[in-house]
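A.B. asks: this is a predicted model, with the sequence first.
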Amino acid sequence: MTVALEEKGSEQVKLKISVRDSGIGMTPEQTARMFQPFSQADTSTSRKYGGTGLGLSISKRLVELMGGEIWVESKYGLGSTFLSTAWFGIGSPEPEHKRFIPDLAGVRALVIDDNTRAREILADALRVFALRVDSVSSGEDAVREIAAADSQDPYRLVLMDWHMPGMDGLEASRIIKRDDRLQHIPKIVMVTAFGREDIRTKAEEIGIDGYLLKPVNSSLLYDTLVDLFGIAGLEGHRSRAKKDDAHVHDALGIRILLVEDNEMNQQVATELLESAGAIVSVANHGGEAVKILTGGDQAPPFDLVFMDLQMPEMDGYTAARLIRAQQRLKGLPIIAMTAHALVEEHQRCLDAGMNDHVSKPIDPDALFATLLRWAKPRRGQAVEPQAATAKAADEVILPEIAGINQADGLKRVVGNKRLYRDLLAQFAAKQDDAAARISAALESGDLKLAERIAHTVKGVAGNMGIGQVFAAAGKLEAAIRGAGAAEPALLEEFTLVLSRQVQAIRQAMREVTPDQPVDEVRGRDYDAGAASAAIARLRALLESSDGDAAEAFLAVKGILEGTLERSRLESLSIAISDFDFEEALLKLDQIARIYIADGKARD
């Protein structure tokens, strides 16, 4: 369909509208009679195409009333184009009210209708948009169901039939809207087959939020949902964000359990949430989350769980089902973190007992909008959020690196340049061999492992703003998941893109913080006694697998930094961060053996 400007006057415009199809087309004889009443191109008694023949005749009359004309151009077997012109008045401009498209997945809805078939149709229509839907057959049942809903998982939408026996929709809506016991009053849409103005007036007096006429089509239903749950005033939102970029979001005191197996994703999400005042604890996989949440007799000290889906040991779906099996945890909101923006994926999360979802790569605005749907800030119970991290981070130099959208990546770590630089270095160190690991997993027939490695690289690259790697990893993951294998071309593309990106990161990091020449390093003085003591303490903690090793490493780094190649300290730091204490011990011993003896550096 196209619309073009034909003529323009001071108060009117003439528009030309074309509608083209690639259907059966028509002969000149057929097109000649198309706009006559009761005429069809296909006039057989068992015709496959066509209706009564009145539509185009009526259209012709309407177009002529608007000062235009209508005609058809067609070639038999190649399709048709219907064209029309008409004059339209020019209206006065009004301010445009923009809206955010709402994320409707997980919204809990209740359908009330005494007709079983009508209930099923409305419920199915809502489920298409990934809402969680229940239904009842009377106004009395609706009032009881909404009152009995868990305060942590309330009904947020009600589709209420007007004409029902017993308590009608108006009376049920009045009771619900005025129920002081409800912590969350749902939005109510009145649904009726009667377009009576008196019903609409009464509904508005009660405070009904929307009005739908039966039969309800999906397009009109979606428009209604956007009106109800969309965020109005985009320009106002932008101006507020610009006014206070350092702290737009407020999650003060919200206690969060973050379930995520990848350390880099943990760091990104934790930095983002803590910057808004949230209190974050981390579980490294689903099994660890279940143990944390189900251990003991008391309810766990969390307001909400962010749950990654693809994890070793135990995935997010299994963890959610086990958590929901505990009666005392049924009201704990669980938010899925998924890289798959499919309605089927969202429905699978809901079926596992999760309440909502956020997409990866993390969009800070979407993350906090979802968070605040399920948990509210706790005033006076938390440390005020850090103003996007210390000033020292602003002094960190970030080199330009081809293939990386640094603005996008920095947004997810709240502008913390030091953390972002460290994450880039970690990406180059940890994902360098990802292609080889995927290839080995495929050769051994471990498709789940191959898919998970690709998924991890995709997630990390997305959060870091590494676009080409994100795209290549996504295609490779989809191929492994869909076909049970990976096309050699996709694996080759991923290998090449990843290799180039890792080399670009390493080269850029060397230019900003180059390793000092070995001769210069070895000629420097340092406190050998302090170094030996710090190394001994770190070794003892590593040998006992003590988590305080990370803090002890900082002492070692503070003494030795500048006396040896930076890469040795980086590799030791990464091993400790990964809780690979055996590897860390080896690297620590190498440092001690090569560089520290009798109070000075040696070979």
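C.D. replies: Yep, that arrived. This one's a predicted model, so the numbers in the text were calculated from it and none came from an experiment.
A.B. asks: show the end-to-end separation of stretch 207-217, please.
C.D. replies: 24 Å (C-alpha to C-alpha, to the nearest Å).
A.B. asks: identify the residues contacting that stretch?
C.D. replies: 118, 121-122, 125, 159, 173, 177, 187-193, 195, 200, 203, 220-221, 224, 227-228 (C-beta atoms under 8 Å, 6 or more residues apart in numbering). For the C-beta atoms, the positions are set from N, CA and C on the backbone; glycine is no exception.
A.B. asks: which parts of stretch 349-360 are buried?
C.D. replies: Of the residues in stretch 349-360, 349-350, 352-360 count as buried by neighbour count, 16 or more other C-beta atoms under 10 Å.
A.B. asks: I meant stretch 78-87, not that one.
C.D. replies: Of the residues in stretch 78-87, those buried (16+ other C-beta under 10 Å) are 80, 82-86.
A.B. asks: and the residues you listed, which is closest to residue 66?
C.D. replies: residue 86 (3.9 Å; C-beta to C-beta).
A.B. asks: tell me the bridge partners for that closest one.
C.D. replies: Here residue 86 sits in beta bridges with residue 15, going by DSSP bridges.
A.B. asks: which parts of the stretch 301-450 of the chain are helices?
C.D. replies: 316-324, 343-351, 364-374, 406-412, 417-430, 434-443, 447-464 (DSSP state H, counting those that start in this stretch).
A.B. asks: most tightly packed of these?
C.D. replies: helix 447-464 (a mean of 24; mean count of other C-beta atoms under 10 Å).
A.B. asks: who touches it?
C.D. replies: 261-262, 264-265, 268, 310, 312, 339, 360-362, 404, 409, 412, 420, 423-424, 427, 431, 434, 437-438, 441-442, 466-467, 469-470, 473-474, 476-477, 480-481, 484-486, 494, 498.
A.B. asks: quick check: domain ranges of this protein?
C.D. replies: As given by automatic domain parsing, the domain ranges for the chain are 2-89, 101-231, 244-387, 395-512, 518-595.
A.B. asks: so who does the nearest residue to residue 374 once chain neighbours are set aside touch?
C.D. replies: Closest residue to residue 374 apart from its sequence neighbours, by C-beta to C-beta, 6 or more residues apart in numbering: residue 333 at 3.9 Å. By C-beta under 8 Å, 6+ apart, the residues touching residue 333 are 152-153, 303-305, 355-356, 374-375.
A.B. asks: between those, which is nearest residue 568?
C.D. replies: Closest to residue 568, out of all of the contacts of residue 333 and judged by C-beta to C-beta, is residue 305, at 38.5 Å.
A.B. asks: mind checking the SS state of residue 182?
C.D. replies: Of the three states, residue 182 takes coil according to DSSP: H, G, I helix; E, B strand; the rest coil.
A.B. asks: can you report how many residues lie near it?
C.D. replies: 16 (other C-beta atoms under 10 Å).
A.B. asks: list the contacts of it.
C.D. replies: The neighbours of residue 182, taking C-beta under 8 Å, 6+ apart as the test, are 146-147, 154, 176.
A.B. asks: just the closest of those to residue 549, please.
C.D. replies: Using C-beta to C-beta, those come closest to residue 549 at residue 154, 45.0 Å.
A.B. asks: pretty sure the closest one contacts residue 187?
C.D. replies: No: using C-beta atoms under 8 Å, residue 154 is not in contact with residue 187, being 11.2 Å away.
A.B. asks: which of the two has more neighbours?
C.D. replies: residue 187 (20 against 14).
A.B. asks: what pairs with the more buried one across the strands?
C.D. replies: residue 157.
A.B. asks: is it true that it touches residue 228?
C.D. replies: Yes: look at residue 187 against residue 228 with C-beta under 8 Å: they come within range, at 5.0 Å.
A.B. asks: which residues of this protein score low on pLDDT?
C.D. replies: 37-53, 93-102, 194-199, 231-248, 340-344, 379-396, 483-486, 512-529, 561-566, 594-603 (pLDDT under 70).
A.B. asks: tell me what the longest helix along it is packed against?
C.D. replies: Longest helix in the chain, counting residues (DSSP state H): helix 488-512. When contacts are defined as 3 or more C-beta pairs under 8 Å, 6 or more residues apart in numbering; DSSP states H and E, helix 488-512 packs onto helix 417-430, helix 434-443, helix 467-483.
A.B. asks: for residue 530, find the nearest of those helices.
C.D. replies: helix 417-430 (24.8 Å).
A.B. asks: and the contacts of the closest one?
C.D. replies: Helix 417-430 has contacts (C-beta under 8 Å, 6+ apart) with 263-264, 267-268, 271, 389, 392-394, 396, 398, 401, 404, 406, 409-410, 413, 460-461, 464, 466, 502, 505-506, 509, 570-571, 574, 577.
A.B. asks: just the buried ones from these?
C.D. replies: Using 16+ other C-beta under 10 Å, the buried members of the contacts of helix 417-430 are 263-264, 267-268, 271, 389, 393, 398, 401, 404, 406, 409-410, 413, 460-461, 464, 466, 502, 505-506, 509, 570-571, 574, 577.
A.B. asks: so what's the residue nearest the centre of the chain bridging to?
C.D. replies: Against the mean C-alpha coordinate of the chain, by C-alpha atoms, centre = their mean, the closest residue is residue 359 at 1.9 Å. Counting by DSSP bridges, residue 359 forms beta bridges with residue 338.
A.B. asks: show me the contact partners of stretch 550-559.
C.D. replies: 526-527, 530-531, 534-535, 537-538, 541, 569, 572-573, 576-577, 588.
A.B. asks: rerun at 7 Å
C.D. replies: Stretch 550-559 has contacts (C-beta atoms under 7 Å, 6 or more residues apart in numbering) with 526-527, 530-531, 534-535, 537-538, 541, 569, 572-573, 576.
A.B. asks: now do stretch 492-505
C.D. replies: Against stretch 492-505 from outside (C-beta under 7 Å, 6+ apart): 401-403, 424, 427-428, 431-432, 434-435, 466, 468-469, 472-473, 476.
A.B. asks: what's the closest of these to residue 256?
C.D. replies: residue 427 (24.5 Å).
A.B. asks: how near is the closest one to residue 286?
C.D. replies: 24 Å (C-beta to C-beta, to the nearest Å).
A.B. asks: the stretch 1-150 of the chain: strands as residue ranges?
C.D. replies: Along the stretch 1-150 of the chain, counting by DSSP state E, counting those that start in this stretch, strands occupy 2-8, 12-21, 70-75, 79-89, 99-100, 108-112, 132-136.
A.B. asks: and what of the stretch 201-350 of the chain?
C.D. replies: Using DSSP E, counting those that start in this stretch, strands in the stretch 201-350 of the chain cover 210-213, 231-232, 255-259, 279-283, 304-308, 334-338.
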